[in-house]
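Enquirer: give me coordinates for this.
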Amino acid sequence: MPKNIFAEAAEGEIFRDEKFLYPEFVPERLPYRDAQIDEMVHAFQPVLKGGKPQNVFVFGASGTGKTVTVKYVLRELEAFSNRAKGLYLNCFEYNTRQAVLNQICVFLGVPVPRRGIATDEVYSELLLALKKADFVPLIVLDELDQLMASNTASLVLYDLLRVVEFQKSRLGIIIISNDESLVAKLDPRVRSSLLHNPVEFAQYTPVQLKEILKERAKYAFNENAIDAEVINVAAGHAAKNKGDARLAIESILRAGRIASREGSSKVQVSHLRTAFDSIHSRALDKAKDFLDLNEKNILKLLCEEDGLVSGKLFAKFKKQFGEKALTQRSFRKKLNRLESLKLVKMEAVEKGIRGRTRTVKLAQGKKEILDTIG
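Expert: Predicted coordinates for the structure are as follows:
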């Protein structure tokens, strides 16, 4: 009887457990982030005595442990007490005021329809749900930058701050961003009410990156299944890319998969070099799952002819996808969103008697974009 194909694949397996290298994995220990953890513990500790949590603004470059540290602290808090519960929202996915409020309602046990109900009605449901809640919600708004272009960030925060100020409900807000100036860009009314504690995440050093990778690799790979030099090279590569630990971890995950696919008994530096070439830019990686069809089509048009003025790009879009595909106003909104995602860049140019217009250029490589969006 022939051997099962999956039994054959399992022989000489390199990985012990891949999950330790997944981006969503929250480890039992977070090295080099004790100071940031202490600041968040101090901010949320009042909840344990029936008080109000303090709002927190977490900022730093990509891959510095912001999201995983927030999730770690909330996990520890929930394990210690049932007085508070955290809700994590990535604003790439929940990128409208209604979507954010809707998810908070669901979190509080009051499911509301995603469509066919006005935003003010959703907010009213949220207020009722908060009055009945027997715990303090801690709302995490990761990548809040995605709500900045349309002023949605200020509107959402104003909604949540009103809950605290006027409804006397207890609620905590945790903002996560790569942009340390994000709070300064919010509506003045929101800034004055937020009263946030800033928590900065500095870039990891090469030594720190090496220790982080060693710890993850110890649990992810079987004994002697990864060459020690792979850790050193991955750490060095990440150090050159603004100390991005997420990039380093993803690199050794991909290298392990490449080695497994080749039937190698060990992850070598050659596998890692191949992995580097297969990793797309962070902007593309973040955005790829949240682009709608129109946004993908705009990017494809720019891959055909980059650097068009917005009017010509819109005309080309209409010709290829139909007059009713998007209004000019909706098209401008799509361009603004693609710019906020760092997928395009726009430059104002003078255009004779018609005034100013904008040149739209790709902010990422054409091949990378086409490989990512298909």
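
Enquirer: helices and strands around the one helix or strand Val70 maps to, which ones?
Expert: Assigned by DSSP states H and E, Val70 belongs to helix 66-80. Judged by 3 or more CB pairs under 8 Å, 6 or more residues apart in numbering; DSSP states H and E, helix 66-80 is in contact with helix 34-44, strand 56-60, strand 84-90, strand 136-142, strand 172-177. Placement of C-beta: from N, CA and C, glycine included.

Enquirer: give me whichever of the ones you listed is most buried.
Expert: Sort these by mean neighbour count, taking mean count of other CB atoms under 10 Å, and strand 172-177 sits at the top with a mean of 25.

Enquirer: in its sheet, what does it sit against?
Expert: strand 56-60 (parallel), strand 136-142 (parallel) (DSSP bridges).

Enquirer: mean pLDDT and distance to Val269 added to those, as CSV?
Expert: Listed next are the strands paired with strand 172-177 as CSV, based on pLDDT from 0 to 100; distance: least, CB to CB, whole Å:
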stretch, mean pLDDT, distance to Val269
strand 56-60, 97, 29
strand 136-142, 97, 33
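
Enquirer: distance to Leu171 added to the ones you listed, as TSV?
Expert: Formatted as TSV, the strands paired with strand 172-177 follow (distance: least, CB to CB, whole Å):
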stretch	distance to Leu171
strand 56-60	13
strand 136-142	5
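
Enquirer: which residue packs closest to the residue nearest the centre of the chain, ignoring adjacent ones?
Expert: By CA atoms, centre = their mean, the chain has its centre lying nearest to Glu143, at 5.3 Å. Nearest non-adjacent residue to Glu143, counting by CB to CB, 6 or more residues apart in numbering: Cys91, 4.6 Å away.

Enquirer: per-residue confidence averaged over stretch 194-208?
Expert: Per-residue pLDDT values across stretch 194-208 average out to 95.

Enquirer: next, the distance between the ends of that stretch.
Expert: Start-to-end span of stretch 194-208 (CA to CA, to the nearest Å) is 33 Å.

Enquirer: circling back to that earlier point, what's the helix holding Val70 in contact with?
Expert: Contact with helix 66-80 is made by 25-27, 30, 33, 36-37, 40-41, 44, 47-48, 58-60, 84-86, 88, 138, 140, 142, 174, 176, 201, as judged by CB atoms under 8 Å, 6 or more residues apart in numbering.

Enquirer: that helix vs strand 172-177, what angle?
Expert: Computed with axes from the mean of the first three to the mean of the last three CA atoms, to 10 degrees, the direction of helix 66-80 lies at 160 degrees from that of strand 172-177.

Enquirer: relative to the whole chain's centre, how far out is helix 66-80?
Expert: 17 Å (CA atoms, centre = their mean, to the nearest Å).

Enquirer: residue numbering should commence at 433 henceforth.
Expert: Done: numbering now begins at 433, and the last item shifts to helix 498-512.

Enquirer: pull the CA atoms of that helix into CSV?
Expert: Below are the C-alpha coordinates for helix 498-512, written out as CSV (Å, rounded to 0.1, in the frame of the first residue of the first chain):
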residue,chain,number,x,y,z
LYS,A,498,3.5,48.0,19.4
THR,A,499,0.5,45.8,18.6
VAL,A,500,1.9,42.6,20.2
THR,A,501,2.7,44.5,23.4
VAL,A,502,-0.8,46.0,23.7
LYS,A,503,-2.4,42.6,23.1
TYR,A,504,0.0,41.1,25.7
VAL,A,505,-1.0,43.7,28.3
LEU,A,506,-4.7,43.3,27.7
ARG,A,507,-4.4,39.5,27.8
GLU,A,508,-2.7,39.8,31.2
LEU,A,509,-5.3,42.2,32.5
GLU,A,510,-8.2,40.0,31.4
ALA,A,511,-6.5,37.0,33.0
PHE,A,512,-6.1,38.9,36.3
